[in-house]
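S.K.: Sequence and predicted model, in that order:
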Amino acid sequence: MSKEIIFKSITELSKLIKFRKLSPLELTKIYLKEIEKISPKLNAFAIVTSELALQEAKIAETEIMNNNYRGKLHGIPYAAKDLFAVKGYPTSWGSNIYSQQIFDYDAEVIKRLRNNGAILIGKAAMSELAGGPPFATATGACRNPWDLSRWSGGSSSGSGSAVAVGLCAFALGTETWGSIMTPSSYCGITGLRPTFGRIPRTGTMPLSWSMDKIGVMARSAEDCALVFKEISGSSESDPFSIDAPFSFSTKKISEKISNLKLCFVKEDYEKFGDIEVGKAFYNAIDVFKTMGLTFEELQLPEYEYEAIALTIIVAEEASIFEPLVRTARIKDLIDPERSGEILGGQTLTAVDYLKCLRIKTMMQADFEKIFEKYDAILGSSTLTTAPPINAKMSDVFKGGNIIEAAENILGIPAVSIPCGFDSKKLPIGLKIIGNYFDEKTILELAAAYQSATEWHKKHPNL
Amino acid sequence: MKRRTFAKALSSIAILPAISPIKILESKNYQKNDIDELCGRVLTDDEKLWMKKFLAEYDKSMKSVRSISLPIEVFPGFIPKYPEKRSRKK
């Protein structure tokens, strides 16, 4: 019974809850039991907020029994990456340095979910300060539920693992450069990284003010859309946050997408990744072609995307974490390369940083032209499947997928969906990239793909 | 300060900097290749090594970015604004 429940979509769970066939308390207890059983094998959680979850579930249950149903997220348990402030609970940012850090307020996104009646079941494990290899985390390398000897990806590591194996209905993640796309791809789930600014970041650990985005990780595009609708919108507390309309419906979805014009990014899978990932990618394109969509190969404008992304992130994180350098606490970071990055970042010049931001303006103009011609860009979320837990990152990220740096510099949205498995039975991710504020198109494309395939319905068995 | 007076003051600074370039080079804040001190603290040997390694890689990847000439009217790109120019007409 519990296995049937844990993998249900938010839409399915919300119907059961609304019509009182499933109580939020019962559902929360089922997930907590699964967490107790499975999470230690994965290191998926930094902290399980059982007491808070049961308390919120009881409130939700009473409200629903009193005909005060708040909406589709009412009584739905979720996990939040351990960089969102939750009043009274430790928020370690994945680092031993901040293990005792407790905020006396909730992050804006946590507040919004609470107002919707969602239940915070735990804080998901993450890479230290939202970056680094598998070992760089205070909670132990986060394992992939499809193969425990492999990594779940980072930096939203626990969010990926927990959603994939059914420890919550959805999770919050963040991305500065690949941190939602990578774990979504490696764990075989659906991950939405919205346009920069669409979800306010108040109470969220900053890594890069101009590139951090909050996103949703769930088991379908429809679920991501549902959560995104409730948590997006500007807030006075975040001057970077933006209001923009959003609508999504799966009704007549194949009709809605049939006139779209798409392009794709050609990658050298043999050189930079796995050939099996490439095959799955072209098979996914064929699925879209059967729906009547047309494709062209994208000629990516020539820029040093990765050097530009690196400069912006390192300059901003060096400023954010400057107190670690001043107080010598930088030596307590787990990954020495990360320490070097923050130390080196103190010496980057303003000229280099501003030059990269000026090049971003040129890139914006070039991508504007691309989106005048195409509605979305397809690519592989990652060029490999999940690597072994002790793999060297230089062997995993050998090159390719440079569009990921472009997406993140620009702050355009993308969704990662499962599109197959390799011969090691590891999930493969497909990425759909859209224009600024056009989450609707990419989520509809993802939902159309998921209505035609079953990859997102496959779950690891632990 | 009135805007015109400020502009005048600014241009005089641009022409006659208060600190000569030589003084800037002598300043402790000027970043040399071997940095012993950062944010008011003397670095350990380990820290110097980590940083040296990072900067060597970084400089390699930034080589071509630094060589790009940008038109003077290009401003830094900050955040997207809504409404953005729409994508392809459907």
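M.R.: Great, that's in hand.
S.K.: quick one: contacts for the residue of the stretch 201-350 of chain A found nearest chain B?
M.R.: Relative to chain B, the nearest point of the stretch 201-350 of chain A is A:G340 (3.3 Å; Cβ to the nearest Cβ). All C-beta spots, glycine's among them, are computed from the backbone N, C-alpha and C. A:G340 is in contact with B:W50, B:M51, B:K52, B:K53, B:F54, counting by Cβ atoms under 8 Å, 6 or more residues apart in numbering or on different chains.
S.K.: and the first one, what is it in contact with?
M.R.: For B:W50, the contacting residues are A:P336, A:E337, A:S339, A:G340, A:L343, A:G344, taking Cβ under 8 Å, 6+ apart as the criterion.
S.K.: what about it, distance to A:S155?
M.R.: 20 Å (Cβ to Cβ, to the nearest Å).
S.K.: Check the second one too.
M.R.: For B:M51, the distance to A:S155 under the criterion Cβ to Cβ works out to 22 Å.
S.K.: Show me which of the two is the more surrounded one.
M.R.: Taking neighbours as other Cβ atoms under 10 Å in any protein chain shown, B:M51 and A:S155 compare with A:S155 leading, 32 against 24.
S.K.: near chain B at all, the lowest-mean-pLDDT helix or strand in chain A?
M.R.: Ranked by mean pLDDT, DSSP states H and E, the weakest helix or strand in chain A is helix A:393-396, scoring a mean of 84. No - using Cβ under 8 Å from any Cβ of the partner chain, helix A:393-396 stays clear of chain B, with a minimum separation of 10.7 Å.
S.K.: What is the nearest of the contacts of A:G340 to A:E222?
M.R.: The shortest approach to A:E222 among these belongs to B:F54, at 42.6 Å (Cβ to Cβ).
S.K.: Tell me who's in contact with the closest one.
M.R.: For B:F54, the contacting residues are A:E337, A:G340, A:E341, A:L343, A:G344, by Cβ under 8 Å, 6+ apart.
S.K.: ok, of these, which one's closest to B:I35?
M.R.: Nearest to B:I35 out of the contacts of B:F54 is A:L343 (Cβ to Cβ; 8.5 Å).
S.K.: Give me the secondary structure label for the closest residue in space to that closest one that isn't next to it in sequence.
M.R.: Nearest residue to A:L343, sequence neighbours excluded (Cβ to Cβ, 6 or more residues apart in numbering or on different chains): B:M51, at 4.1 Å. What DSSP: H, G, I helix; E, B strand; the rest coil gives for B:M51 is helix.
S.K.: Would you confirm that B:M51 contacts B:E37?
M.R.: No - B:M51 lies out of contact with B:E37 (Cβ atoms under 8 Å); the separation is 11.8 Å.
S.K.: need the longest helix for chain A.
M.R.: When chain A is parsed with DSSP state H, its longest helix is helix A:350-373.
S.K.: Which strands or helices does it pack on?
M.R.: strand A:261-264, helix A:305-320, helix A:403-410, helix B:45-66 (3 or more Cβ pairs under 8 Å, 6 or more residues apart in numbering or on different chains; DSSP states H and E).
S.K.: Any chance of a markdown table for the contacts of A:G340, columns pLDDT and distance to A:M217?
M.R.: Converted to a markdown table, the contacts of A:G340 look like this (pLDDT from 0 to 100; distance: Cβ to Cβ, whole Å):
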| residue | pLDDT | distance to A:M217 |
| --- | --- | --- |
| B:W50 | 94 | 32 |
| B:M51 | 94 | 34 |
| B:K52 | 93 | 37 |
| B:K53 | 93 | 33 |
| B:F54 | 94 | 30 |
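S.K.: Between the residues you listed, which sits nearest A:R70?
M.R.: Within the contacts of A:G340, the smallest distance to A:R70 is 48.3 Å, found for B:F54 (Cβ to Cβ).
S.K.: Sort out for me which of the contacts of B:W50 are in helices.
M.R.: Among those, the members falling in helices (DSSP H) are A:P336, A:E337, A:S339, A:G340, A:L343, A:G344.
S.K.: how about the second one, what does it touch?
M.R.: When the contact criterion is Cβ under 8 Å, 6+ apart, the partners of A:E337 are A:G132, B:W50, B:K53, B:F54.
S.K.: Need the max-distance pair from those residues.
M.R.: Pairwise over these, using Cβ to Cβ, the maximum falls at A:G132 and B:K53, 15.1 Å.
S.K.: Between the two, which has more neighbouring residues?
M.R.: When A:G132 and B:K53 are compared for neighbours, A:G132 comes out ahead with 21 against 15, by other Cβ under 10 Å.
S.K.: buried set for the longest helix of chain A?
M.R.: By neighbour count on 16 or more other Cβ atoms under 10 Å in any protein chain shown, the buried set for helix A:350-373 is A:352-353, A:355-364, A:367, A:370-371.
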